[in-house]
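Chemist: Kindly return the folded structure for what I paste below:
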Amino acid sequence: MINLNKIAEIKTGLVLSRKKVEAHSSSEHSYKIVSLKSFAEDTYYDDAFADEFISSEQINEDYKVSRGDVLLRLREPNFAVYIDKDYDDLIYTHL
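Modeler: I've put the predicted structure just below:
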């Protein structure tokens, strides 16, 4: 048996409530987030389902998706989605 952490880098996503912009904030940063709707049976990410997220600060690069990433949905039903190309400012959440 092979442990996944021996062949892949495993990270958890961003908790959005910690970065959500407050009303009348002087600093706003717009991002797209991978939505639960993005997890479809064909296993490829479709950016048509991306939701917009306004953050109070710039999001660390560690939370942005990269080509070749595989994102796993943690709740039932469990699905995975493959990131097959580059997307600017697309982040993934802790879900």
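Chemist: which intervals of the protein have sub-threshold pLDDT?
Modeler: Low-confidence segments of the chain (pLDDT under 70): 23-25, 39-41.
Chemist: For it, just list every one of the helices.
Modeler: Taking DSSP state H, the helices of the chain run over residues 4-7.
Chemist: Show me the strands in this structure, by range?
Modeler: Counting by DSSP state E, the chain has strands at residues 29-33, 51-55, 70-72, 80-82, 90-91.
Chemist: out of those, nearest to Ala8?
Modeler: Nearest of those to Ala8, taken as C-beta to C-beta: strand 70-72 at 7.9 Å. The way it works is simple: take the backbone N, C-alpha and C, and place the C-beta from them, glycine included.
Chemist: Give me the contacts around the closest one.
Modeler: Ala8, Val34, Phe39, Tyr45, Val65, Asn78, Phe79, Ala80, Val81, Tyr82, Ile83, Tyr92 (C-beta atoms under 8 Å, 6 or more residues apart in numbering).
Chemist: Parallel or antiparallel, which strands does that strand pair with?
Modeler: Taking DSSP bridges as the criterion, strand 70-72 forms sheet pairs with strand 80-82 (antiparallel).
Chemist: rewinding a little: and of the strands of the chain, who's closest to Val21?
Modeler: Nearest of the strands of the chain (C-beta to C-beta): strand 51-55, 4.6 Å.
Chemist: residues of that closest one that come out buried?
Modeler: Phe53, Ser55 (16 or more other C-beta atoms under 10 Å).
Chemist: Output it as PDB, restricted to C-alpha atoms.
Modeler: Extracted in PDB, the C-alpha atoms of strand 51-55 (Å, rounded to 0.1, in the frame of the first residue of the first chain):
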ATOM      1  CA  ASP A  51     -17.900  31.900  -7.700                       C
ATOM      2  CA  GLU A  52     -16.500  35.300  -7.000                       C
ATOM      3  CA  PHE A  53     -15.000  36.100  -3.600                       C
ATOM      4  CA  ILE A  54     -13.900  39.500  -2.300                       C
ATOM      5  CA  SER A  55     -11.100  39.400   0.200                       C
END
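Chemist: who does it touch, helix- and strand-wise?
Modeler: Secondary-structure packing of strand 51-55 (3 or more C-beta pairs under 8 Å, 6 or more residues apart in numbering; DSSP states H and E): strand 29-33.
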